[in-house]
Each structure stands twice: as structure tokens, then as C-alpha cells.
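J.: Test case, fold it:
(2 chains)
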Amino acid sequence: QKEVEQNSGPLSVPEGAIASLNCTYSDRGSQSFFWYRQYSGKSPELIMSIYSNGDKEDGRFTAQLNKASQYVSLLIRDSQPSDSATYLCAVKNNNAGNMLTFGGGTRLMVKP
Amino acid sequence: KAGVTQTPRYLIKTRGQQVTLSCSPISGHRSVSWYQQTPGQGLQFLFEYFSETQRNKGNFPGRFSGRQFSNSRSEMNVSTLELGDSALYLCASSLAPGPNTEAFFGQGTRLTVV
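T.: The predicted structure follows:
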């Protein structure tokens, strides 16, 4: 059973729309949560981290965390074609050093 | 400020050979983690090093090993290569193990085993 679940997509949204990416996790001891963006053929790039329940905003990106529901999401406002990539959700149990457990990723396509 | 540097970027090896990959973390970062990424299994944790000590190890066979040097640079080694070892190997750099610590990835080494 995969510990971090994401819809593989593709999630297709028109340019300018809000893209909503979701992630659920099974380890209740998870305490740190991250979103990475990975373009095809490139390495993952950290775009957001969130550690406490609620929302965290950074530019066009908003991460949302609900530990009770074991759910974390990423909203991308005013989506651009350059946002087209695979978005990886990663969780960390702080008792396991820096080990990250990744979901399979959601492929986002933003259509002009 | 330089990012995470992995060498080489690409490698082609034959089954049964061994390979060594290198990672230089961000200056000042002392924790290095290694991951394997394949289309079928996604990103999987291999191991983490801090202060030249392995702190965590993922569910990989003993053919996969690593080490860290006093300058925080790390190497990973895969012996007796198998076709299934073909993957993108990624190194992640962090300040140190601990809560709320972010990890930054290098460009990766793409290994092809033929």
C-alpha cells in the first residue's frame, strides 16, 4: 500500500484558471510536507513546504494542510502554460531524519 | 550560491559492472540523501548521510551502498549492476536532519544498464 497517494492525472486546466492538486498520506506521524515540481527530463524543484494546519501562500501558490484528515493540497492560481509539469507531494516523519516519502505525482497540463 | 552538483550526468554501464556516483551538497549543508526514480516505482529513498554516518536506509539490496566524506560530499555505489537498476539517481541536500528541514535536489545522474 502506497503511503502517499496522488491522482496521476493528467489534470488539464485552461490558462488563467486555478489548478488544484491533492495528496493524502497514511503515516499519522508525518510532520513536514512538501510540494515539488518536476519538468520532463529534469530533477524535482521545491516550490512549497508546510508544517502546520491551515494555508500557506507564496505568490501564485497556496499549500493547504489538514493533519486530522491526512490531506495536503496545492492550489496554483492564474495557471500558466509554464506550470505544465508533474507535481510531487512529499511527506516526512521527523523521527526518520530527512527521509522523504513521495507520491507518484500528478501531471498538470495548462492549455493556452 | 552553488546548488547541488551531481556527477556524472549520464552513464551507460553493462550488467555485472559497478558504478560510483558523486554528489556535492549546497555549501553549508551537511545532510545528503539519495533517491532512485523510475517510471514504475517513482521516487524511492535509498539512504541518508549526516556527519559521515548513515542515518537511514531504504528498502534496497546491499548492492547499493554509500558514504559521506568530511566535507559533506557523498558518493553512492551500485555493484553487480542489473538491468532494473536503470534509473535517474537523485541526490538531495539539507542543512541537517530535523524538523522543518527542506531538501534541494541536484540535476541527477541518469544511469542506463545494458
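J.: Show me where the chain has its helices.
T.: By default, I'm working from chain A. Ranges of helices within chain A: none, based on DSSP state H.
J.: How about the residues of it by chain B?
T.: A:31-32, A:34, A:36, A:42-46, A:49, A:51, A:88, A:90, A:94, A:96-105 (CB under 8 Å from any CB of the partner chain). Where you see a C-beta, it was placed from the backbone N, CA and C, and this is true even at glycine.
J.: Quick one: neighbours of residue A:7, just the number.
T.: By other CB atoms under 10 Å in any protein chain shown, the residues close to residue A:7 number 15.
J.: List the contacts of residue B:17.
T.: residue B:81 (CB atoms under 8 Å, 6 or more residues apart in numbering or on different chains).
J.: I should have written residue A:105 there, sorry.
T.: Applying CB under 8 Å, 6+ apart to residue A:105 gives the contacts A:6, A:8, A:38, A:86-89, B:42.
J.: let's go with 7 Å and repeat that
T.: Going by CB atoms under 7 Å, 6 or more residues apart in numbering or on different chains, residue A:105 touches A:6, A:8, A:38, A:86-88, B:42.
J.: Distance to residue B:77 and pLDDT added to the residues you listed, as JSON lines?
T.: Output for these, formatted as JSON lines (distance: CB to CB, whole Å; pLDDT from 0 to 100):
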{"residue": "A:6", "distance to residue B:77": "31", "pLDDT": "96"}
{"residue": "A:8", "distance to residue B:77": "32", "pLDDT": "91"}
{"residue": "A:38", "distance to residue B:77": "25", "pLDDT": "98"}
{"residue": "A:86", "distance to residue B:77": "29", "pLDDT": "98"}
{"residue": "A:87", "distance to residue B:77": "32", "pLDDT": "98"}
{"residue": "A:88", "distance to residue B:77": "26", "pLDDT": "98"}
{"residue": "B:42", "distance to residue B:77": "23", "pLDDT": "94"}
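J.: can you pull out the strands in chain A?
T.: A:4-5, A:11-14, A:19-25, A:32-38, A:45-50, A:54-58, A:61-66, A:71-76, A:85-92, A:101-102, A:106-111 (DSSP state E).
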